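Asker: sequence first, then the predicted structure, then my questions.
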Amino acid sequence: MKTSVVCLLLVVIAGSTLAAEPTKSTVRKKRVMPEFYVSGSTLDKSLDNNHAVFELQFSQLLLNEMEVNVLQKPQIELSCNGVIRLVELDSTLKTSIIVSPGKYIFQLAVVNGSYNEIFSDSILIEPRHITTCRINFRAEDMREMLLKPVIYVYSPTDQVVSLQLKPKGDFTFTYPQYTNSGWNGIAHPDGSFTINDKTYPYLFWEGADNQVDQLADYSTGFVVKQAEVTTFLEEKLTQMGLNDKEKTDFITFWGPRMIQAEQGFVQFIFNKEYDQLASLSVSPAPQELFRVYMLWTPLENATELNPQPQEIKSVNRSGFYVIEWGGSELIYHPILSSYE
């Protein structure tokens with residue numbers, strides 16, 4: 001067996017993604033998918049004492065986020081001390097390198113785009129062992145959509161109200177149009193809002209943000225089967241205190257999307273946690289500002305999650321109050337369910 005002692009520089013040619021290390025939230029503990037980590041090491045009796053193997057497993061996000069078609073496979077350049085070889089990944093997104101036992105430091109860099117380098121710790125590989133390394137690329141410009149956040153403004157009597165909304169990412173659409181001064185108009189008892197003599201049933205916005213998936217915590221929430229989607233949403237939205245119109249708006253938007261998966265994971269973020277996506281200020285100040293955002297993650301049928309049921313918050317519907325709901329569809333990161 002040919003021995004190849006390597007210290008690797010991995011470069012994605014066809015395209016790649018890279019996960020940035022976020023800071024911990026003071027509101028919710030964020031679980032971060034590491035860019036590079038060792039997932040295991042096993043003895044392989046077919047190897048002799050002079051050989052070992054690094055098995056490099058790249059994340060499925062390399063395909064999901066690159067949107068690579070079947071004719072364009074990711075190419076990885078491996079380099080050490082000027083020795084370079086090119087590897088074309090197949091559908092397994094896996095490659096193996098034969099090495100001598102010892103310590104290795106991996107470096108990862110993306111050629112075509114604005115990406116950070118990844119550096120591993122010093123990794124010891126023992127004789128006759130296969131050490132599996134997980135590599136998780138994520139493009140800096142990959143952003144999740146914040147889908148149909150809508151805002152209902154309930155005033156006991158018609159009154160002039162101003163709303164200032166500041167998403168952490170960017171607006172992709174607003175209706176009515178959001179101006180530099182915000183939304184300024186008249187709020188009504190039924191939750192509708194009038195701007196320039198035109199009345200809207202709610203204020204609508206959508207946006208894009210590259211930090212949404214970092215809010216997901218698979219340890220708490222709900223696993224929802226395809227056949228249970230409508231019943232689940234009706235139950236949880238009722239617990240939140242949403243009225244029939246709000247529940248109908250929510251379910252008719254999210255229900256058709258959610259039933260496309262055999263099962264999925266649902267987690268809600270409320271009120272101050274919502275500020276991690278977009279802050280909202282209202283003048284005059286309402287007696288209640290109730291905001292709920294759903295993180296929906298489709299799962300393969302074989303995926304097993306056992307989250308603790310999440311506590312559901314509810315709105316106080318008295319006086320002058322504002323309700324907002326929205327959501328995002330995320331990609332499942334298996335590592336997040338077990339990695340701290």
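Answerer: Right, received. Where do you want to start? Here the structure is a predicted model, which means the values were calculated and not measured.
Asker: mind checking the SS state of the residue nearest to residue 202 when sequence neighbours are not counted?
Answerer: Leaving aside its sequence neighbours, residue 202 sits nearest to residue 150 (Cβ to Cβ, 6 or more residues apart in numbering; 4.3 Å). The way it works is simple: take the backbone N, C-alpha and C, and place the C-beta from them, glycine included. Here residue 150 is recorded as strand under DSSP: H, G, I helix; E, B strand; the rest coil.
Asker: tell me which residues touch residue 150, please.
Answerer: By Cβ atoms under 8 Å, 6 or more residues apart in numbering, residue 150 lies in contact with 202-204, 249, 324-326.
Asker: try 7 Å this time
Answerer: 202-204, 249, 324-325 (Cβ atoms under 7 Å, 6 or more residues apart in numbering).
Asker: check residue 168 too.
Answerer: Residue 168 neighbours (Cβ under 7 Å, 6+ apart): 209, 211, 276-278.
Asker: quick check: the farthest pair among those residues?
Answerer: Farthest-apart pair in these is 211 and 278; separation 11.3 Å (Cβ to Cβ).
Asker: when these two are compared, which one has more neighbours?
Answerer: Applying other Cβ atoms under 10 Å to residue 211 and residue 278 shows that residue 278 carries more neighbours, namely 21 against 15.
Asker: give me the nearest residue to that one, chain neighbours excluded.
Answerer: residue 167 (4.0 Å).
Asker: I'd like to check which residues are in contact with the residue nearest to residue 274 when sequence neighbours are not counted.
Answerer: Leaving aside its sequence neighbours, residue 274 sits nearest to residue 291 (Cβ to Cβ, 6+ apart; 4.1 Å). Shown in contact with residue 291 (Cβ under 7 Å, 6+ apart): 270-271, 274, 280, 324.
Asker: now the helix or strand containing residue 291: how far from the chain's centre is it?
Answerer: Per DSSP states H and E, residue 291 falls inside strand 288-299. Put simply, strand 288-299 sits 13 Å off its chain's centre (Cα atoms, centre = their mean, to the nearest Å).
Asker: tell me the confidence at residue 148?
Answerer: Looking at residue 148, its pLDDT is 85.
Asker: next, count neighbours for it.
Answerer: 17.
Asker: list the contacts of it.
Answerer: Per Cβ under 7 Å, 6+ apart, neighbours of residue 148: 204, 206, 253, 326.
Asker: please apply the same query to residue 310.
Answerer: 220-222, 267-268.
Asker: are any of those buried, and if so which?
Answerer: 221-222, 267-268 (16 or more other Cβ atoms under 10 Å).
Asker: neighbours around residue 205, how many?
Answerer: 21.
Asker: bridged to it, which residues?
Answerer: In this entry, residue 205 is beta-bridged to residue 174, by DSSP bridges.
Asker: and residue 270, by the same measure?
Answerer: residue 292.
Asker: surely it meets residue 292?
Answerer: Yes: at 5.5 Å, residue 270 and residue 292 qualify as touching, with contact defined as Cβ atoms under 7 Å.
Asker: and the furthest pair within the buried ones among the contacts of residue 310?
Answerer: 222 and 268 (8.8 Å).
Asker: which elements pack onto the helix or strand that contains residue 250?
Answerer: Using DSSP H and E, residue 250 falls within helix 244-258. In terms of contacts (3 or more Cβ pairs under 7 Å, 6 or more residues apart in numbering; DSSP states H and E), helix 244-258 is packed against strand 144-154, helix 229-240, strand 321-329.
Asker: mind listing residues that contact it?
Answerer: Contact with helix 244-258 is made by 148, 150, 152, 229-230, 233-234, 237, 264, 294, 296, 323, 325, 327, 329, as judged by Cβ under 7 Å, 6+ apart.
Asker: okay, now residue 180: neighbour count?
Answerer: 4.
Asker: kindly report the same for residue 299.
Answerer: By other Cβ under 10 Å, 18 other residues sit near residue 299.
Asker: residues in contact with it?
Answerer: Residue 299 is in contact with 261, 263-265, 332, counting by Cβ under 7 Å, 6+ apart.
Asker: kindly report the same for residue 56.
Answerer: 94-95, 133, 135.
Asker: that one pairs with what?
Answerer: Taking DSSP bridges, one obtains residue 95, residue 133 as the residues bridged to residue 56.
Asker: quick check: pLDDT value at it.
Answerer: On pLDDT, residue 56 comes in at 82.
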